[in-house]
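Undergrad: Any chance you could fold what I've pasted below:
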Amino acid sequence: MRFQLSKIGIEKIILVVCFLGLVHISNAQQSDSTNQMVNFKATGSVTNNGFSFIPAFSLGKPAAIFNLNINGGKRFSFEPEFRFALQDGRPWSFIFIWRYKIIDQKRFQLTAGTHFPAVPFRVLAYETSPQIKNTLAVSRVIPVELTPNVIWGKRLSMSLFCLYAKGISDDAVNHTSLISLRIVLMIPLGEKLSLRINPQLFHLKLDSKSGFYTASNFTLSSSTSPFFIGSTVNVPLKTDIAGKPLDWNVSIGYTLDKKLVVKK
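TA: Numbering: from 1, shown residues only. So this is what the prediction gives:
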């Protein structure tokens, strides 16, 4: 089964899910105190090449990406992500991520989450004589994830990101699994600049096809500026999944980090 969405339908999805996320987190935190502090972080970036570690979800064109992170400083967080094609402004994918820290210790964390809903968009062409027109369609998948994370300090951590996604619509991959060994390293460059390096080695399986990949994220930021420059490189090591032999991009972004007071 395949769905085609109008602009009004897309806007309803964003508003309803974001509203439910805010209400859920607000209620979860208000049970402990009259006033609660809610952490709100928003990041917007543009890139020359929007790609995904799952090749079928790659855009392959310039894109704008918006990430939100809303949490009460405890275990629950709501982290939606909205991606758009820069060329025509059409949606590329919307992912509404909910995460819960099962274990939250100084040196070890175990986080479970789901991407509900996760809606990758595709352009479908259809013929209406004498023209061929395009319409926007969305596949439906339900991913779940589990991430143990070992922390060695403010500048070094290592995690094992495990994700499984079940395709719901007929045109989606039925079973997707991704297991990624990730390291996050923060390198100070003087008093203000810092370089965040996030190398990873991962295995991707899409139904009967699979492959091993290596990827790295690089982010250069300053403690005195909300702007940052980033890049991602993705290289297949051995795979039978169709995709580019080398994929990379460069991004420029802006981060907003605020604390909101929720009054009862």
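
Undergrad: any idea how far residue 180 is from the residue nearest the centre of the chain?
TA: In the chain, the centroid-proximal residue (Cα atoms, centre = their mean) is residue 81; its distance is 5.5 Å. Going from residue 81 to residue 180 by Cβ to Cβ, to the nearest Å gives 17 Å. Glycine gets a C-beta too; all of them are placed from N, C-alpha and C.

Undergrad: What residues does the residue nearest to the centre of the chain make contact with?
TA: 65-68, 93-95, 97 (Cβ atoms under 8 Å, 6 or more residues apart in numbering).

Undergrad: need those residues in TSV with secondary structure, can you?
TA: As requested, the contacts of residue 81 are exported to TSV (DSSP: H, G, I helix; E, B strand; the rest coil):
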residue	secondary structure
65	strand
66	strand
67	strand
68	strand
93	strand
94	strand
95	strand
97	strand
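
Undergrad: Residue 255: which of the residues you listed is nearest?
TA: residue 67 (9.2 Å; Cβ to Cβ).

Undergrad: Apart from its chain neighbours, what residue comes closest to the closest one?
TA: In space, and not counting its chain neighbours, residue 67 is closest to residue 43: 4.5 Å by Cβ to Cβ, 6 or more residues apart in numbering.

Undergrad: Tell me how far the one helix or strand the one you found maps to lies from the chain's centre.
TA: In this structure, residue 43 is located in strand 35-47 according to DSSP states H and E. Per Cα atoms, centre = their mean, to the nearest Å, the displacement of strand 35-47 from the mean C-alpha position of its chain is 14 Å.

Undergrad: Which strands border it, and is each parallel or antiparallel?
TA: strand 63-71 (antiparallel), strand 247-263 (antiparallel) (DSSP bridges).

Undergrad: related to what we said a few turns ago, of the contacts of residue 81, closest to residue 103?
TA: Proximity of the contacts of residue 81 to residue 103 (Cβ to Cβ) peaks at residue 97, which lies at 18.8 Å.

Undergrad: hang on, the earlier thing: quick one, which of the strands paired with strand 35-47 gets closest to residue 37.
TA: strand 247-263 (5.3 Å).

Undergrad: For the closest one, buried residues please.
TA: 247, 249, 251, 253, 262 (16 or more other Cβ atoms under 10 Å).

Undergrad: Make TSV out of these and add distance to residue 103 and pLDDT.
TA: Formatted as TSV, the buried residues of strand 247-263 follow (distance: Cβ to Cβ, whole Å; pLDDT from 0 to 100):
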residue	distance to residue 103	pLDDT
247	34	93
249	34	95
251	32	96
253	31	97
262	26	70
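
Undergrad: what's around residue 141, how many residues?
TA: 22 (other Cβ atoms under 10 Å).

Undergrad: next one: residue 94
TA: 22.

Undergrad: host element of the closest residue to it other than its chain neighbours?
TA: Leaving aside its sequence neighbours, residue 94 sits nearest to residue 119 (Cβ to Cβ, 6+ apart; 4.9 Å). Using DSSP H and E, residue 119 falls within strand 108-128.

Undergrad: The next helix or strand after that strand to strand 108-128, inter-axis angle?
TA: Going down the chain from strand 108-128, the next helix or strand is strand 131-138, by DSSP H and E. For strand 131-138 against strand 108-128, the angle by axes from the mean of the first three to the mean of the last three Cα atoms, to 10 degrees is 160 degrees.
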